[in-house]
Structures are given as C-alpha cells and as structure tokens.
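Undergrad: Just to be clear, the model below is a prediction. Sequence and coordinates:
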Amino acid sequence: GVVGMVTVSVLSTVCVFLLLESKKKLGARARTFGDVGYGACGRVGHITVEACVVLSQMGFCVAYIIFISENLWKYVDFL
C-alpha cells in the first residue's frame, strides 16, 4: 500500500545519496557504479553491482514490453 511505497521511496533516495557520497570519496577513479562497488568491496563488489545493474535494466525492459503489449492488445481488440 501507501506505507510500503513511501518506505521504498525513502530507502531508494537514501541509497542514491549514499552512492553519490561513496563516489565523491573515491574521486576520479570511480567512473561507473561498478567502480564504486570495487572501491567498497573489491572484485566481488564490482561483479555484484554490475549484475544488479544488468538485472535492473532487464526488469525495465520487460516492464516496458508488457506495458506496450497490453496497450497494443487493447487497441487491436478495439478495432
């Protein structure tokens, strides 16, 4: 519900600020999210962060495909 949505929004915002703070502390050597993961946890952190980014992007793509297909189906069904 609403409480869950607000909780996830607050956690997401806090995590973004922590990520930006970590990037500032690492300086110029951190150009990507994976670099920040490497600076924090080494190779395991780098691989974990890169895997999470890939899974997140795949999730966005799947959600977009579902959204488009449902709307297209409604349009075709209307004709």
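TA: Yes, it's here.
Undergrad: Give me the pLDDT value at the residue nearest to the spatial centre of the chain.
TA: For the chain, residue 56 is the residue whose C-alpha lies nearest the centre (CA atoms, centre = their mean; 4.8 Å). Predicted confidence (pLDDT) for residue 56: 94.
Undergrad: which strands and helices sit next to the helix or strand hosting it?
TA: Assigned by DSSP states H and E, residue 56 falls within helix 43-78. Here helix 43-78 touches helix 33-41, going by 3 or more CB pairs under 8 Å, 6 or more residues apart in numbering; DSSP states H and E. No exception for glycine: its C-beta is placed from N, CA and C like everyone else's.
Undergrad: Specify the angle between the helix it packs on and helix 43-78 in degrees.
TA: For helix 33-41 against helix 43-78, the angle by axes from the mean of the first three to the mean of the last three CA atoms, to 10 degrees is 140 degrees.
Undergrad: So which residues lie in contact with helix 33-41, not counting its own?
TA: Contact with helix 33-41 is made by 19, 22-23, 26, 29-30, 45-50, 53, as judged by CB atoms under 8 Å, 6 or more residues apart in numbering.
Undergrad: residues of it that come out buried?
TA: Using 16 or more other CB atoms under 10 Å as the test for burial, helix 33-41 gives 33, 34, 35, 36, 37, 38, 39, 40.
Undergrad: need these in CSV with pLDDT and distance to residue 4, can you?
TA: Shown next, in CSV, are the buried residues of helix 33-41 (pLDDT from 0 to 100; distance: CB to CB, whole Å):
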residue, pLDDT, distance to residue 4
33, 90, 25
34, 92, 30
35, 93, 32
36, 92, 27
37, 92, 27
38, 94, 32
39, 91, 32
40, 90, 28
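Undergrad: now, which of these sits nearest residue 65?
TA: Taking CB to CB as the measure, residue 65 lies nearest residue 33 of the buried residues of helix 33-41, at 24.2 Å.
Undergrad: could you dump stretch 18-35 to PDB, C-alpha only?
TA: Written as PDB, here are the backbone C-alpha positions of stretch 18-35 (Å, rounded to 0.1, in the frame of the first residue of the first chain):
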ATOM      1  CA  LEU A  18      25.000   7.100  -0.200                       C
ATOM      2  CA  LEU A  19      26.100   6.000  -3.600                       C
ATOM      3  CA  LEU A  20      26.900   9.600  -4.600                       C
ATOM      4  CA  GLU A  21      28.800  10.100  -1.300                       C
ATOM      5  CA  SER A  22      30.900   7.000  -1.900                       C
ATOM      6  CA  LYS A  23      31.700   8.200  -5.400                       C
ATOM      7  CA  LYS A  24      32.900  11.500  -4.100                       C
ATOM      8  CA  LYS A  25      35.200   9.800  -1.600                       C
ATOM      9  CA  LEU A  26      36.700   7.500  -4.300                       C
ATOM     10  CA  GLY A  27      37.400  10.500  -6.500                       C
ATOM     11  CA  ALA A  28      38.200  10.400 -10.200                       C
ATOM     12  CA  ARG A  29      39.000   6.600 -10.200                       C
ATOM     13  CA  ALA A  30      35.300   5.800  -9.800                       C
ATOM     14  CA  ARG A  31      33.500   6.500 -13.100                       C
ATOM     15  CA  THR A  32      30.800   3.800 -13.000                       C
ATOM     16  CA  PHE A  33      28.700   2.100 -10.400                       C
ATOM     17  CA  GLY A  34      30.900  -1.000 -10.800                       C
ATOM     18  CA  ASP A  35      33.900   1.100  -9.900                       C
END
